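J.: Provide a 3D model corresponding to the input given below.
(chains A and B)
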Amino acid sequence: MNIAQQIVNGLVLGSGYACIALGWTILLGVARLVNFAHGQLYMLGAFATWYAMTKLGMPYPLAIIAAIVALAVLGALMQSAMMGLVMTQNLTSLMIVTLGLGYVLQGGSALIFGGNPQTLPGTLARAKVDLGSLWFTWQDVLVLVATLLLYGAVWLFTQRTRFGSVIRAVAEDPKLAELFGINAKVVYLLVFVFECGAVALGAALVAPRSPILTSMGFNEVIMTFVVVVLGGIGSIGGALVAGLGLGLFIAFFGAFIAQAYTTAAAFAVLLALLVVRPAGLATK
Amino acid sequence: MTALESHSPRSLPLLRTAAVVVLVAVGFFLPRLLGGTSVAYSTLTTIAIFAVMCYGVDVVLSYLGEVSLGHTLFWAVGGYAAANLSVKYGLNGWSTAAATIALCIIAAAFLGAVTLRTREFVFSLVTYAAAVVAYEIAFNWDAIGGSDGIVGISALKLPFGFTTYVGATQEDLWPIAFALLLLTLGFIARFRRSRLGTTALMVQMNPPLAASLGIDPRKVRLAVFVISAPITGLAGWLYAYQRAYVGPDMFETYFLVMMLTAVVLVGRRILIGPLIGTAILIAQQNLLSLGGDWNKIILGSVLALVLIFWPTGLIGLFRRLSRTKA
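T.: Below is the predicted model:
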């Protein structure tokens, strides 16, 4: 049954979108910062995983951790450099700086990893599961389960712990939060490090599905934008639902209308939403 | 120097006009002063075209204080309009330029209207996404060139009454590029003094004052965005004739990073800032090139470092240095 298979494909795609978008959701929603290097960080996360597995001979789980650590360190460096702009909430400059840094990452990765497409080795992405007429891979199952667990953990962390309310206090008013003895710089640093680590994890999980190139990342960025805006900026549950919904939409659009224009279709959804509900779906 | 302070003393209008005339004359003969080689002509033509491209972003970034990441779209619209209309329908340069202006205004008005009610970063996000999506469409849609683009665009023809100016070589294209640059500079100079230009600056510098005067910042944003688009579009239009080829590579991030860097490098709100910035960056890429990937690292780093350490650009840095010395 083709429809059922497309639903499976949609959930597979959608969990990937949601997984990659998690870091941006937190960064934008909780800390009110943006990061236009997100696509290049995704690319770098995929290549860090690839490098750890093929050149350093690490097993897959260890390579994932290595990629997360590498990008977390990079994120800490980036955020330290941008701290002045972050503390003054200079969003205009931050957007441009992160875009420039993304361009640096793209050039640097091409130098280090070369211009050829690579594939992440691994058995999960090739292990097919057949259920009657439906099929998917164990990698897809891993992405879906990991995404659900991550979103659950992050939701609990931001809503139910003291540190979660600290982050929200800083986002609301960094100066006021500092009066209450909160070190806003540390909070911003940690949130950005989380964004970089989360996108590395997303890349390590999602990238084995297709060949990786140092010039990739744009498609992932658009999908992330759509997920974050569709879900209502900063809403964690909204982003998860939006990711899965977008995945289903893209799967059906690709299967029945045009595979080549799926990004354009996602963008059309975003534009339509902005006209109807400028603040996102999750708001009342 | 902001646009508001830049009114020159009215007592010296003659001197000022004379200085501008001398500068324009020197500028026009600059390729000949640099040896008159075809490299000199092509490099200076490229600088003029890229500077015009950057002025489109300059209008939005410097005077409105918002970030458009979608100007590569208008750049490509100009290139694709010139290529498609001249190759398929044999239209002359005036018609393709008119089509470029019309298409850019329509595209910008659409994007601006859709984001009219959203917050500022959503505007940047949507413009960025628009450029990426337009790339996907240009890459896949064979009717406008597809992944191969359009090769063999014939020389630019501009009929003036009974004679026709043909821009066949780099040397012939230079006067056109120079004229386009002058037109753009004149337009920006007028814009800085216009009602819209001063209103945009007020919205950026003093939002409460703008609000108290009943100005809707979002409508100002839409208007500024719409008039900025054809500037970058016309640069893309001429670029298509210069290269005799357009393809999906006109959407490369390179052009976007180049536009932003050229604007912030010298300093925002300085009339000839983007021109000098473009000249410095093109000179590095053409004369001191370290290879594509290293050039990416340099360009991206310059952009990030300027904004982090010297947000006022080279002019601000120069002023600070001269003040500490004094």
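J.: Would you mind listing what in the stretch 201-326 of chain B touches chain A?
T.: B:253, B:256-257, B:260-261, B:264, B:292-297, B:299-304, B:307-308, B:311 (CB under 8 Å from any CB of the partner chain). Using the backbone N, CA and C atoms, a C-beta is placed for each residue, glycine as well.
J.: Tell me which residue in chain A sits closest to chain B.
T.: Using CB to the nearest CB, residue A:107 is the residue of chain A that sits closest to chain B, at 2.9 Å.
J.: Please work out how many residues are found near that residue.
T.: By other CB atoms under 10 Å in any protein chain shown, the residues close to residue A:107 number 23.
J.: and it, which of the three is it?
T.: When classified by DSSP: H, G, I helix; E, B strand; the rest coil, residue A:107 comes out as helix.
J.: shouldn't it be in contact with residue B:297?
T.: Yes: if you go by CB atoms under 8 Å, residue A:107 and residue B:297 touch, sitting 4.3 Å apart.
J.: low pLDDT regions in chain B?
T.: B:1-11, B:325-326 (pLDDT under 70).
J.: Ok, the stretch 101-250 of chain A next?
T.: Applying pLDDT under 70 to the stretch 101-250 of chain A flags residues A:123.
J.: related to what we said a few turns ago, leaving aside the residues next to it on the chain, what's closest to the residue of chain A closest to chain B?
T.: Nearest non-adjacent residue to residue A:107, counting by CB to CB, 6 or more residues apart in numbering or on different chains: residue B:296, 2.9 Å away.
J.: For the one you found, I want the exact helix or strand it lies within.
T.: helix B:292-309 (DSSP states H and E).
J.: on contacts alone, who are the packing partners of that helix?
T.: The contact analysis (3 or more CB pairs under 8 Å, 6 or more residues apart in numbering or on different chains; DSSP states H and E) places helix B:292-309 against helix A:60-87, helix A:91-113, helix B:253-266, helix B:273-287.
J.: Enumerate every residue touching the nearest residue to residue B:275 once chain neighbours are set aside.
T.: Spatial nearest neighbour of residue B:275, excluding adjacent residues (CB to CB, 6+ apart): residue B:51 at 4.5 Å. Residues near residue B:51 by CB atoms under 8 Å, 6 or more residues apart in numbering or on different chains: B:181, B:184, B:262, B:274, B:275, B:278, B:279.
J.: ok, those residues vs chain A, which is closest?
T.: Closest to chain A out of the contacts of residue B:51 is residue B:262 (12.2 Å), distances taken as CB to the nearest CB.
J.: Would you mind confirming that the closest one makes contact with residue B:55?
T.: No: if you go by CB under 8 Å, residue B:262 and residue B:55 don't touch, sitting 9.1 Å apart.
J.: Need the overlap of contacts for the two.
T.: Common neighbours of residue B:262 and residue B:55 (CB under 8 Å, 6+ apart) are residue B:274.
J.: when you scan the one helix or strand residue A:199 maps to, is anything in it near chain B?
T.: For residue A:199, the enclosing helix or strand under DSSP H and E is helix A:184-206. No: judged by CB under 8 Å from any CB, helix A:184-206 and chain B are separated, with a smallest distance of 14.6 Å.
J.: That helix packs against which elements?
T.: The contact analysis (3+ CB pairs under 8 Å, 6+ apart) places helix A:184-206 against helix A:2-31, helix A:38-54, helix A:60-87, helix A:138-160, helix A:162-172, helix A:174-179.
J.: Highest mean neighbour count across the ones you listed, which stretch is it?
T.: helix A:38-54 (a mean of 26; mean count of other CB atoms under 10 Å in any protein chain shown).
J.: how about that one against chain B, any contact?
T.: No: judged by CB under 8 Å from any CB, helix A:38-54 stays clear of chain B, getting no closer than 9.1 Å.
J.: Next, the angle helix A:184-206 makes with that helix.
T.: Interaxial angle, helix A:38-54 versus helix A:184-206 (axes from the mean of the first three to the mean of the last three CA atoms, to 10 degrees): 60 degrees.
J.: For the helix holding residue B:296, list the C-alpha coordinates in CSV.
T.: Provided in CSV are the C-alpha atoms of helix B:292-309 (Å, rounded to 0.1, in the frame of the first residue of the first chain):
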residue,chain,number,x,y,z
GLY,B,292,38.7,29.2,-3.4
ASP,B,293,38.5,27.6,0.0
TRP,B,294,41.0,30.0,1.6
ASN,B,295,39.2,32.9,0.0
LYS,B,296,35.9,31.7,1.7
ILE,B,297,37.7,31.6,5.0
ILE,B,298,39.1,35.1,4.5
LEU,B,299,35.8,36.6,3.4
GLY,B,300,33.7,35.0,6.1
SER,B,301,36.3,35.9,8.8
VAL,B,302,36.5,39.5,7.7
LEU,B,303,32.7,39.8,7.9
ALA,B,304,32.6,38.2,11.4
LEU,B,305,35.6,40.0,12.8
VAL,B,306,34.6,43.5,11.6
LEU,B,307,31.2,43.1,13.3
ILE,B,308,32.6,41.7,16.5
PHE,B,309,35.6,44.0,17.0
